[in-house]
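Enquirer: this one's structure only:
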């Protein structure tokens, strides 16, 4: 459900993907790469496509480059599958963020940021406000916050793992359904492709 021609075009022309473009240029050995060269390099080096997808997830852009099926134009015999595809696509877009490695997710960054803020606050209260007699209590509170942060991080990590698995299974099922409807002549996959990201226009 990712449109590779769109990926190549965006890597070449959209500044958001400059780091990916630089990697492509290194592999190609030239700063002037064509979209066809990018497609060839992506086929040889799957990490290029993975890096592109990761950037999209970090910036809340979807890697699902197909639109929902307009069920009003679909034959009655295919409506059930078309509705299922649309429902799946909606759910996939909702949980797509969980396909990012938890270690590279914004959730973990937020947890660490809060802990650094708490540590700074601890130092502020002890040193600047001359609360040395309270330092054991204050450090105990800080230690408790670390324990809570660790528990929350583990909970979120589990959520990422569960949702990532759901995403993979539902993604494969949706691709299968789309192929099935195309074979039955109910839809044309090419009509569903979103060739341009509106956020980039």
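Expert: Looks like it arrived, so ask away. The shown structure was predicted, so the numbers you read here are calculated from the model rather than taken from an experiment.
Enquirer: check the gap between the closest residue to residue 189 other than its chain neighbours and residue 192 for me.
Expert: Leaving aside its chain neighbours, residue 189 sits nearest to residue 182 (5.2 Å; criterion: C-beta to C-beta, 6 or more residues apart in numbering). Backbone N, C-alpha and C define where each C-beta goes, glycine included. Noted for residue 182: a distance of 9 Å to residue 192, by C-beta to C-beta, to the nearest Å.
Enquirer: which one's more surrounded, those two?
Expert: residue 192 (19 against 15; other C-beta atoms under 10 Å).
Enquirer: mind listing what that one touches?
Expert: 66, 67, 69, 178 (C-beta atoms under 8 Å, 6 or more residues apart in numbering).
Enquirer: isn't the second one up against residue 195?
Expert: The one in question is residue 67. No: using C-beta atoms under 8 Å, residue 67 is not in contact with residue 195, being 10.5 Å away.
Enquirer: quick one, longest helix in this protein?
Expert: Longest among the helix segments of the chain by residue count, using DSSP state H, is helix 135-183.
Enquirer: now do that one, average pLDDT.
Expert: What helix 135-183 shows for mean pLDDT is 87.
Enquirer: so which elements touch that helix?
Expert: If contacts are counted by 3 or more C-beta pairs under 8 Å, 6 or more residues apart in numbering; DSSP states H and E, helix 135-183 sits against helix 79-95, helix 106-123, helix 189-192.
Enquirer: redo that, cut-off 6 Å
Expert: The contact analysis (3 or more C-beta pairs under 6 Å, 6 or more residues apart in numbering; DSSP states H and E) places helix 135-183 against helix 79-95, helix 106-123.
Enquirer: how many neighbours does residue 198 have?
Expert: 6.
Enquirer: could you report the separation of it from residue 61?
Expert: 10 Å.
Enquirer: now residue 112
Expert: Residue 112 is 24 Å from residue 61, by C-beta to C-beta.
Enquirer: neighbour count: these two, which is higher?
Expert: Neighbours were counted for residue 112 and for residue 61 using other C-beta under 10 Å; residue 61 has more, 15 against 12.
Enquirer: in a strand, that one, correct?
Expert: No: counting by DSSP: H, G, I helix; E, B strand; the rest coil, residue 61 is not found in a strand; it is coil.
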